[in-house]
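Trainee: Sequence plus the predicted model coming up.
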Amino acid sequence: MDPDFSSNDPALIIFIKNPRMGQVKTRLAATMGDAMALRIYLALTERIRRTTTPLPYTKYLYYSDFVDEADEWPAAQFVKKLQYKGDLGERMSHAFAEVLERHGQALIVGSDVPGINAEIINAAFDELNTHDFAIGGTDDGGYYLLGMNAHEPAVFQGIDWSTETVFSQTQAAIAQLGKTCAQVAVLPDIDFEEDWQQHGWQL
């Protein structure tokens, strides 16, 4: 049951993968093993859960494969939904379309960038008061955060997902629309064992 909210209430979208052995952080698993990759993913999702639970936004949690009503994400705090089938762009676009039918602003974050914090999320929502988009890039050329005031499917089309051009292609798509975009902090992404070790993250 979706909570009550006004049309001006900002919404936070969180994408997660259902945590199953061999199905998460596969590039980490290639050198660290499936068990360690799962442990790291669970630690990262616990971090984003702790970070977002107290935030004063309507929060939508989109699962990759099935909605888990019995996990550690409290249903009182998170509206649980299932991701649309398709590539990452199609799944994000569908989530934005759903959420922006009911909210004036929406921001999506991933679950596996450990540097995300409340200050960055709040800053991105603040930027949406004066810009059409807000984006937070990763140091490998992707992005971990995207916010918008109106659904624009074009920013998810023609993007080479999981490459170093995702951020630049998305910015180009926004510029092509004639829209404004604010940037928030660039954060390190954790895809490979050397990323985990370089930044000194601990379980």
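Mentor: Great, that's in hand. Residues are numbered from 1 along each chain as shown.
Trainee: Tell me the pLDDT of the residue nearest the centre of the chain.
Mentor: Compute the mean C-alpha point of the chain, and by C-alpha atoms, centre = their mean the closest residue is residue 109, 2.0 Å away. In the predicted model, residue 109 carries a pLDDT score of 96.
Trainee: which residues touch it?
Mentor: Residue 109 is in contact with 12, 13, 14, 15, 48, 52, 116, 121, 144, 145, counting by C-beta atoms under 8 Å, 6 or more residues apart in numbering. Heads up, the C-betas are built off the backbone N, CA and C, glycines and all.
Trainee: Is it bridged to anything, and to what?
Mentor: For residue 109, the beta-bridge assignment (DSSP bridges) gives partners residue 14, residue 145.
Trainee: any idea how far it is from residue 172?
Mentor: Distance, residue 109 to residue 172, by C-beta to C-beta, to the nearest Å: 22 Å.
Trainee: hey, what's the closest residue to residue 98 other than its chain neighbours bridged with?
Mentor: Nearest-residue entry for residue 98: residue 81, 7.5 Å, with adjacent residues in sequence omitted and distances by C-beta to C-beta, 6 or more residues apart in numbering. Assessed by DSSP bridges, residue 81 has beta-bridge partners residue 62.
Trainee: Please tell me how far residue 81 sits from residue 59.
Mentor: Using C-beta to C-beta, residue 81 is found at 11 Å from residue 59.
Trainee: before we move on, what about residue 68?
Mentor: Distance of residue 68 to residue 59, given as C-beta to C-beta: 15 Å.
Trainee: Those two: who's more crowded?
Mentor: Taking neighbours as other C-beta atoms under 10 Å, residue 68 and residue 59 compare with residue 59 leading, 19 against 14.
Trainee: For the more buried one, give me its contacts.
Mentor: 11, 12, 14, 52, 53, 77, 78, 79.
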